[in-house]
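Peer 1: Provide a 3D model corresponding to the input given below.
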Amino acid sequence: MEKRDLKKDLAHLYNPPKRCELVQVPPLRFLMLDGHGNPNNNPVYQEAVETLYALVYTLKFAVKKSVGLDYGVMPLEGLWSVPDMNQFSLEDKDAWDWTMMIMQPEWISPEMVESASAEVRRKKKLLALEQVRFEVYDEGLAAQIMYLGAYADEGPAIAMLHTFIAEQGYERRGKHHEIYLGDPRRTAPEKLKTVIRQPVKGAEG
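Peer 2: Now for the predicted structure:
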């Protein structure tokens, strides 16, 4: 059986160094779910994450069974924003809009997603399943850093990234992006790995 390690194939995006760097992110396809509010106490957020994982594992096993291709499920990612990103704050999580998403390999088709959705629907009552989108996210030029530690302590790393962006002559654009490489249920907070990414544009606009 053929095996693919997508995180290894895309190591520059999913295993960056522990220093700020610029990266050109190609268009990638994701299963996505939108929501609003504090993820720490929000049942809508919890169902969104459960729904995405149910769908991606159903897809993985379907591909393994039908074409003999085994691949690792990609990590959970989040786009975080508020209407005015100049007011984005880690302290006011109740104001956040979010898009949770999991990247899908090129061999996953819309038809396969529909089939997997139908199978999940038969097995679980997940209302969020009807709101899942399968879309291309074209992030483009961005700054990123690998952060090691608790989610609640990300502030200095984010500030460092923003300072780096300004020093490189760029401005922030778009949504704050995080990629969660660790499982907070099984990993000590100080050992969690998170890719923190921020799309950028030239200072001239």
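Peer 1: which stretches of this structure have low pLDDT?
Peer 2: 204-205 (pLDDT under 70).
Peer 1: Surely K3 is in contact with Y71?
Peer 2: Yes. Here K3 reaches Y71: they are 7.0 Å apart, a contact under Cβ atoms under 8 Å. C-beta here means a position set from N, CA and C on the backbone, and glycine is covered the same way.
Peer 1: Those two: who's more crowded?
Peer 2: Y71 (19 against 9; other Cβ atoms under 10 Å).
Peer 1: looking at it, the more buried one is touching M1, isn't it?
Peer 2: No. Y71 is not in contact with M1 according to Cβ under 8 Å; the separation is 10.6 Å.
Peer 1: how close does P39 sit to Y71?
Peer 2: 27 Å (Cβ to Cβ, to the nearest Å).
Peer 1: Check which helix or strand the residue nearest the centre of the chain maps to.
Peer 2: Geometric centre of the chain, nearest residue: E77, 1.4 Å, by Cα atoms, centre = their mean. Using DSSP states H and E, E77 sits in strand 76-81.
Peer 1: export that strand as PDB, just CAs?
Peer 2: C-alpha atoms of strand 76-81 as PDB (Å, rounded to 0.1, in the frame of the first residue of the first chain):
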ATOM      1  CA  LEU A  76      -6.600  21.400  12.600                       C
ATOM      2  CA  GLU A  77      -6.100  25.000  11.500                       C
ATOM      3  CA  GLY A  78      -7.900  28.200  12.500                       C
ATOM      4  CA  LEU A  79      -8.500  31.600  10.900                       C
ATOM      5  CA  TRP A  80      -9.300  34.100  13.600                       C
ATOM      6  CA  SER A  81     -10.600  37.600  13.000                       C
END
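Peer 1: list the helices and strands it packs on?
Peer 2: Contacts defined by 3 or more Cβ pairs under 8 Å, 6 or more residues apart in numbering; DSSP states H and E place strand 76-81 against helix 43-67, strand 97-104, strand 176-180.
Peer 1: Mean neighbour count for the ones you listed - can I get that in JSON lines?
Peer 2: Output for the helices and strands packed on strand 76-81, formatted as JSON lines (neighbours: other Cβ atoms under 10 Å):
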{"stretch": "helix 43-67", "mean neighbour count": "17"}
{"stretch": "strand 97-104", "mean neighbour count": "21"}
{"stretch": "strand 176-180", "mean neighbour count": "21"}
